[in-house]
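1. Model the following, please.
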Amino acid sequence: MPGAGATPEELLEIAVTVARGAAATASQMRAEGVSPVATKSTATDVVTAADRAVEQEVVAELRRLRPADRVLGEEFGAGGGEADPSAGTGAVRWVVDPIDGTVNYLYGLPQYAVSLAAERDGIVVAGVVVNGATGDEWTATAGGGAYRAGRRLTGSSETDLAQSLVATGFGYDAGRRAHQAGVLAGLISQVRDIRRFGAAALDLCLAAEGLVDAYYEKGLQPWDLAAGGLIAQEAGLRVDGLAGAPAGPDMVLAAPPALFTPLHDRLARLDAAGGP
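-> This next block holds a predicted model:
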């Protein structure tokens, strides 16, 4: 397999192979029934045995193929499942969300995905998002564009915020949800409509594809953003936070250049990056 100097394209090839296998495992485990279910930050923030099993599968495959690399996963942090947390010292770090959209997965809704990205020296250079329910797949490499099913993605051509379909999501903390509901109440009359699919990685891919015009959300973690954020950027979207801040836990806003500023300004006035 490609060594330490692997190109983004070579890293993407690995990511796609690993993510497809992980998505198949998630789909099979869903068909067999979801159990057991535990909670994380709040009673509504669920994690299933499949989340943990899929992440362990991804980590095991990555360490088999590229043992010097580091791995950051949602469920096990830098430890990567049951492997030695100190394993991997290379410049490449993989960032994995084994099942983005766990609540959808729990309920059998077809919006959940495996998200896998490769960072080199802290910069995401390759990423893939695979919808485990449908097999839909989005990919990108830094400087190489974003694609779905061989078609290069260019985002939405909409230029009027009032005619824009905007995707968003909500946190699990009750106080944060209340603040986000206030933001939404102030925004909804300024746009065509709002969509909430429940999987940030897929939201970013839908924005990249132009199936929604823009996306924003507070509370995203690196594994939520890494692959989908690169895909959105490579589709020509601007992916940032508010008031000059980078995209991160306080806010992720992904929109075509024509929509970014008006949506940014409205969200800033609504204090979308504030609250709990």
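
2. and G275, how many neighbours does it have?
-> 16 (other CB atoms under 10 Å). C-beta: built from backbone N, CA, C; applies to glycine.

3. and the residue lying closest to it once chain neighbours are set aside, what does it touch?
-> Among residues not flanking G275 along the chain, H179 sits closest, at 3.0 Å (CB to CB, 6 or more residues apart in numbering). Listed by CB atoms under 8 Å, 6 or more residues apart in numbering, the contact set of H179 reads 271, 274-276.

4. element containing H179, please.
-> With the criterion set as DSSP states H and E, the secondary-structure element containing H179 is helix 174-187.

5. Give the rounded mean pLDDT of that helix.
-> Here the mean pLDDT over helix 174-187 is 97, rounded to a whole number.

6. next helix or strand past that helix?
-> Scanning forward in sequence from helix 174-187, with DSSP H and E defining helices and strands, the next element found is strand 193-195.

7. ok now that next one, how far from the chain's centre?
-> In terms of CA atoms, centre = their mean, to the nearest Å, the centre of strand 193-195 is found 19 Å from the chain centre.

8. Tell me the spacing between the residue nearest to G275 and D224.
-> Going from H179 to D224 by CB to CB, to the nearest Å gives 19 Å.

9. do G150 as well
-> Taking CB to CB as the measure, G150 and D224 are separated by 26 Å.

10. Among those two, which residue is more densely surrounded?
-> In terms of neighbours (other CB under 10 Å), D224 is the more surrounded of G150 and D224; the figures are 24 against 5.

11. that's a helix at that one, yeah?
-> Yes. Assessed with DSSP: H, G, I helix; E, B strand; the rest coil, D224 lies in a helix.

12. just checking, it touches L202?
-> No. The criterion here is CB atoms under 8 Å, and D224 misses it with L202 at 10.5 Å.

13. would you list every one of the strands in the chain?
-> With DSSP state E, the ranges of strands along the chain come out as 37-39, 46-48, 70-73, 92-100, 113-120, 123-131, 137-141, 145-148, 151-152, 165-168, 193-195, 214-217, 238-240, 252-255.

14. Can you tell me the strand partners of the first one and which way each runs?
-> Same thing as strand 37-39. If you go by DSSP bridges, strand 37-39 pairs up with strand 46-48 (antiparallel).

15. Next, give phi and psi for G210.
-> Taking degrees, to the nearest 10, you get phi 80, psi 10 for the backbone angles of G210.

16. quick one: it and S27, what's the gap?
-> 26 Å.

17. Look up the closest residue to Y147, ignoring the ones flanking it.
-> Here the nearest residue to Y147 in space, its sequence neighbours aside, is T139; by CB to CB, 6+ apart that works out to 5.3 Å.

18. mind listing what's buried in the helix holding H179?
-> Judged by neighbour count (16 or more other CB atoms under 10 Å), helix 174-187 contains these buried residues: 176-177, 179-180, 183-184, 187.

19. could those go into CSV alongside distance to E158?
-> Compiled in CSV, the buried residues of helix 174-187 are given as follows (distance: CB to CB, whole Å):
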residue, distance to E158
R176, 29
R177, 28
H179, 27
Q180, 23
V183, 21
L184, 19
L187, 16
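
20. Report the central residue of this protein.
-> Centre of the chain computed as the mean C-alpha position; nearest residue by CA atoms, centre = their mean is A201, 2.7 Å away.

21. hang on, isn't it packed against V130?
-> No. The pair A201 and V130 fails to qualify as a contact (CB under 8 Å) at a distance of 9.4 Å.

22. Mind listing the shared neighbours of those two?
-> Counting by CB under 8 Å, 6+ apart, the shared contacts of A201 and V130 are A113.
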